[in-house]
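>>> return atomic coordinates for the entry below.
(one chain, ligands or ions: 1)
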Amino acid sequence: MTDLQSRLAAGLAARTRLGLRRELRPRGPDSVPRVDVNGRRLINFAANDYLGLASHPRVNEALAGGAKRWGAGAGASHLLSGHTRAHAAFEKTLADFLECERALLFSTGYMANLGVIGALAGRGDSVIEDRLSHASLLDAAVLSRARLLRYAHADIEAARNCLGRAAGRRLLATDAVFSMDGDIAPLANLVQLTRETDAVLVVDDAHGFGVLGNSGRGTLEHLGIGSAEVPARVVTFGKALGVFGAAVVGSRNLIETLVNHARTYVYTTAFPPALAVALGAALAVLRAEDWRREKLREHIARFRDRARTRGLPLADSSTPIQPVLLGQVDIAVAMARLLETQGYYVPAIRPPTVPEGSARLRISLSAAHETAQIEGLVCALAQAFDAHG
Ligand SMILES: Cc1ncc(COP(=O)(O)O)c(C=O)c1O
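Numbering: from 1, shown residues only. Reported below is the predicted structural model:
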């Protein structure tokens, strides 16, 4: 074996020994509520398809129709010839829905976070983030070359302290709903804090958009915070909207600045226009079918009620992300395996995705689940917890 090959093999073997090896598991075409993995039909609690839109017939047809009309690909970056009227139309619809002046499409939420932070902060500046921020926000700060300061989770005084120590232009970036914990950031306090200290607030609402708020506008609507209070907001389309892609929404000046300076916008191919057509259809369903959010809320309440009764160690989350906190990697992995034998697909989340000593099962609830599946999951979880927890 060459040096490289033996080094790679040793690294992988070490991860396997620690129970931290990540492996791909190709699935069949169905996802939620039932997924086909390794030839077995499992009830899927591992998808972020919170409203069940990923396989909605109207969205599928829009995607196919979009491809017939616009072709398979955009053919260039937005600033060359990739920006179609389909992209522009969806941007307008989204900006109106989110009550913002403008929206700008990015291929992924990861790229949107890199783009917005890199455009607003650079060498000599400071990016302040919650300790549990999503990897893309952390990477965005590192890539921006600004100094990264992190505060204890959801701790406003610690955030204030970081701002006090920060140099240059100061950006405070946070998840609105924390992706592995499901709790909601103290956004009203962060709005206040950034206003008092003249810092710029960037909110990543990947998991709130479409789910939270009476009309699905997201975490700001849920908390009664006006759109104009948050200068830069990221929403993603691979979760509640069930499709793919992301956007930054905000003022006209912000969006024009991103068009000029966001490297993950400028130096990449525009996503396929057919996707923009599908996104328009998904957003129309999301707006028309409030029952999906209501059903999801019922599932969340039911899951938490039953799980508490069974003594499961839940996190303080009111969103569809419901972690069962276990601590040790081997316990999380053993429970996930046992659940799979019972017909439930529930992923074990391990470091480095979550901090050392905080391995967990991450349950994602969806409006596509049936009540009996939630009840069944809690029974299976309780049995697995008795066996291993
Ligand atoms: C909070 C948060 N932000 C950003 C992303 C990245 O979004 P995308 O999957 O569209 O790249 C994710 C998850 O994937 C996330 O959980």
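
>>> what segments of the stretch 1-150 of the chain are strands?
Assigned strands in the stretch 1-150 of the chain, in chain order: 34-37, 40-44, 102-106, 126-130, 147-151 (criterion: DSSP state E, counting those that start in this stretch).

>>> neighbouring contacts of the second one?
Contacts with strand 40-44, where a contact means Cβ atoms under 8 Å, 6 or more residues apart in numbering, come from 31-36, 340, 343-345, 369, 373, 376-377. To be clear about C-beta, it is placed using only N, CA and C from the backbone, and glycine gets the same treatment.

>>> what's near enough to touch whatever residue of the chain ends up closest to the ligand?
Going by Cβ to the nearest ligand atom, the ligand is nearest to G109 of the chain, at 2.4 Å. When contacts are counted by Cβ under 8 Å, 6+ apart, G109 touches S136, D204, A206, V234, T236, G238, A246.

>>> distance of the second one from A140?
Looking back up the chat, that one is D204. Using Cβ to Cβ, to the nearest Å, one gets 10 Å for the distance from D204 to A140.

>>> any shared contact partners between the two?
In terms of Cβ under 8 Å, 6+ apart, D204 and A140 are both contacted by the residues N113, A173.

>>> what does this protein put close to the ligand?
108-110, 113, 134, 136, 175, 179, 204, 206-207, 236, 238, 246 (Cβ under 6 Å from any ligand atom).

>>> and the residues you listed, which of them are buried?
Among these, the ones that count as buried by 16 or more other Cβ atoms under 10 Å are 108-110, 113, 134, 136, 175, 179, 204, 206-207, 236, 238, 246.

>>> quick one on the thing from earlier: and the contacts of G109, which of them are in strands?
Secondary structure assignment by DSSP state E places D204, V234, T236, A246 of those in strands.

>>> from those, which single one is nearest R58?
Distance to R58 across the ones in strands among the contacts of G109 (Cβ to Cβ) is lowest for T236, with 20.2 Å.

>>> surely the closest one is in contact with A246?
Yes. Assessed by Cβ atoms under 8 Å, T236 is found in contact with A246 at 4.3 Å.

>>> overlap in contacts, those two.
With Cβ under 8 Å, 6+ apart, T236 and A246 have common neighbours T108, G109, A112, A206.

>>> mind checking which of the buried ones among the residues of the chain next to the ligand land in helices?
Using DSSP state H, the members of these that fall within helices are G109, Y110, N113, S136.

>>> of these, just say which sits nearest to H299.
Among those, G109 lies closest to H299 (Cβ to Cβ), at 24.0 Å.

>>> and for the residue nearest to D181 when sequence neighbours are not counted, the neighbour number?
Counting by Cβ to Cβ, 6 or more residues apart in numbering, the nearest residue to D181 once its immediate chain neighbours are dropped is A315, at 5.4 Å. Look at A315: counted by other Cβ atoms under 10 Å, it has 17 neighbours.

>>> P355 now?
For P355, using other Cβ under 10 Å, the count is 12.

>>> gap between stretch 241-259 and the chain center?
The chain centroid and the centroid of stretch 241-259 are separated by 15 Å under Cα atoms, centre = their mean, to the nearest Å.

>>> which of the residues in it are buried?
Buried, per 16+ other Cβ under 10 Å, within stretch 241-259: 241-250, 254-255, 257-259.

>>> repeat for stretch 178-190
Buried residues in stretch 178-190 (16+ other Cβ under 10 Å): F178, S179, M180, D181, G182, D183, I184, A185, P186, L187, L190.
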